[in-house]
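Chemist: with the sequence up front, the predicted model follows.
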Amino acid sequence: MTTLDAPTRTQRIHAAFQRAADQGRAAFIPFMTAGYPDQDRFPAVAAELLARADLMEIGIPFSDPLGDGPTIQRAGEQAIRAGTSTRRTLEFVRQLRPTTDVPLLIMTYINPVYAVGPEEFMRLAAEVGVDGLILPDLPPDQDDEIRELATRHGLALTFLIAPTSTPARVKLVTEACTGFVYAVSVTGVTGAREGNALGEVPALVQLARQHTQLPVAVGFGVKDAATARAVAQGAGADGVVVGSAFIAALEHGQPLGPLADEILSGCGK
Ligand SMILES: O=P(O)(O)OC[C@@H](O)[C@@H](O)c1c[nH]c2ccccc12
């Protein structure tokens with residue numbers, strides 16, 4: 001496949017948010033751990049989500065996932081046991097890329113990037129057709145090399161802000177993003193929580209908007225139409241990220257399509 005240049009990949013991400021906005025809803029951004037439940041079944045799982053997704057996050061399974069709640073940790077452990085490595089994750093993207101125009105975002109801790117080597121990782125990610133990277137544990141002011149390499153290879157970058165981020169931190173992180181901004185709705189780990197409490201998320205989204213024109217997506221704890229609505233309408237997010245709920249559904253032998261449709265119905269503004 002042809003290598004897209006920097007503006008094209010970033011534009012594909014922005015266009016996906018814009019299309020959703022034009023349809024009067026927040027973008028639906030499912031997350032799935034690469035190679036889960038196993039290497040044979042992952043492509044069909046991804047396809048079921050991609051059929052409804054505006055953008056999709058694919059997680060590199062990692063042995064020491066500080067921000068992952070128990071559900072995503074279990075998925076990561078199982079995917080690693082089933083043989084999914086960082087390189088295998090990128091090969092899954094190569095396999096999915098011709099099947100969809102949905103922007104594909106790699107979610108990864110920074111260690112796997114260093115394990116492959118930043119230059120090689122970025123080169124390969126661009127080659128297989130990754131559009132952007134979400135880097136939850138990279139403080140954007142502490143690694144110019146990663147940012148510079150990603151930019152050189154045309155990959156959009158997303159970093160995370162949280163309710164605990166100071167206003168100065170929100171400004172710095174937001175201004176370092178090039179794809180979209182990821183606001184996590186709680187301090188802590190991924191996974192479904194009880195209730196629909198939004199806490200400081202609306203204020204966090206507003207604060208980010210003071211520093212950027214980029215879309216602001218919100219994730220952590222969305223699991224049904226009501227929680228999606230709380231994020232899309234209540235917090236005014238441009239995108240809704242959902243991970244643990246899909247992994248939990250697979251653990252219970254439930255199909256993903258109906259749950260994805262339900263969550264999508266809550267993304268309307
Ligand atoms: O699982 P949840 O609560 O639906 O939240 C999305 C989240 O899983 C996904 O974006 C993600 C997976 N691993 C992460 C690590 C840090 C931040 C975010 C993530």
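Modeler: In hand now; what should we look at?

Chemist: other residues contacting the helix or strand hosting A44?
Modeler: Using DSSP states H and E, A44 maps to helix 42-50. Residues from elsewhere that reach helix 42-50, judged by CB atoms under 8 Å, 6 or more residues apart in numbering: 30, 32, 34-37, 56, 58, 79, 84, 92, 95-96, 99-100, 102, 246, 250, 255-257, 260. Where you see a C-beta, it was placed from the backbone N, CA and C, and this is true even at glycine.

Chemist: just the buried members of these?
Modeler: Neighbour counting by 16 or more other CB atoms under 10 Å classes 30, 32, 34-37, 56, 58, 79, 84, 92, 96, 102, 246, 250, 256, 260 among the contacts of helix 42-50 as buried.

Chemist: residue ranges with poor pLDDT in the stretch 151-269 of the chain?
Modeler: Scanning the stretch 151-269 of the chain for pLDDT under 70 picks out 187-198.

Chemist: find the residue at the geometric middle of the chain.
Modeler: Centroid-nearest residue in the chain: E57, 3.8 Å away (criterion: CA atoms, centre = their mean).

Chemist: with just CA atoms, put the helix or strand that contains V113 into PDB.
Modeler: Here V113 sits within helix 110-116, counting by DSSP H and E. Extracted in PDB, the C-alpha atoms of helix 110-116 (Å, rounded to 0.1, in the frame of the first residue of the first chain):
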ATOM      1  CA  ILE A 110       6.200   3.300  25.800                       C
ATOM      2  CA  ASN A 111       8.200   0.200  26.800                       C
ATOM      3  CA  PRO A 112       7.200  -1.900  23.800                       C
ATOM      4  CA  VAL A 113       8.200   1.000  21.500                       C
ATOM      5  CA  TYR A 114      11.700   1.100  23.100                       C
ATOM      6  CA  ALA A 115      11.900  -2.700  23.000                       C
ATOM      7  CA  VAL A 116      11.500  -2.700  19.200                       C
END
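
Chemist: flag every residue of the protein that's near the ligand.
Modeler: Residues of the chain that fall close to the ligand, judged by CB under 6 Å from any ligand atom: 31, 57, 59, 67-68, 72, 107, 136, 190-191, 219-222, 241-245.

Chemist: give me the distance between G199 and V218.
Modeler: As judged by CB to CB, to the nearest Å, G199 and V218 stand 11 Å apart.

Chemist: hang on, I meant I263
Modeler: In this view, I263 and V218 are 13 Å apart by CB to CB.

Chemist: okay, those two: which has more neighbours?
Modeler: Taking neighbours as other CB atoms under 10 Å, I263 and V218 compare with V218 leading, 30 against 25.

Chemist: who touches that one in this structure?
Modeler: Y182, A183, V184, S185, V201, V205, V231, A235, A237, G239, V240, V241.

Chemist: what of A115?
Modeler: When contacts are counted by CB under 8 Å, 6+ apart, A115 touches T86.

Chemist: go on, the one 10 residues further on?
Modeler: A125 makes contact with L90, V93, I106, L133, H153, L155 under the criterion CB under 8 Å, 6+ apart.

Chemist: in strands, which of the residues of the chain next to the ligand appear?
Modeler: Among the residues of the chain next to the ligand, the residues falling in strands (DSSP state E) are F31, E57, G59, M107, G219, V241, V242.

Chemist: of these - the most surrounded one?
Modeler: Among those, V242 has the most neighbours (other CB under 10 Å), with 30 neighbours.

Chemist: beta partners of that one?
Modeler: Note on V242: beta-bridge partners by DSSP bridges are P30.

Chemist: which parts of the helix holding V113 are buried?
Modeler: Buried residues in helix 110-116, counted by 16+ other CB under 10 Å: I110, P112, V113, V116.

Chemist: re earlier: ignoring the adjacent residues along the chain, who's closest to the residue nearest to the centre of the chain?
Modeler: Distances taken as CB to CB, 6 or more residues apart in numbering put F31 closest to E57, at 4.0 Å, once the chain neighbours are dropped.
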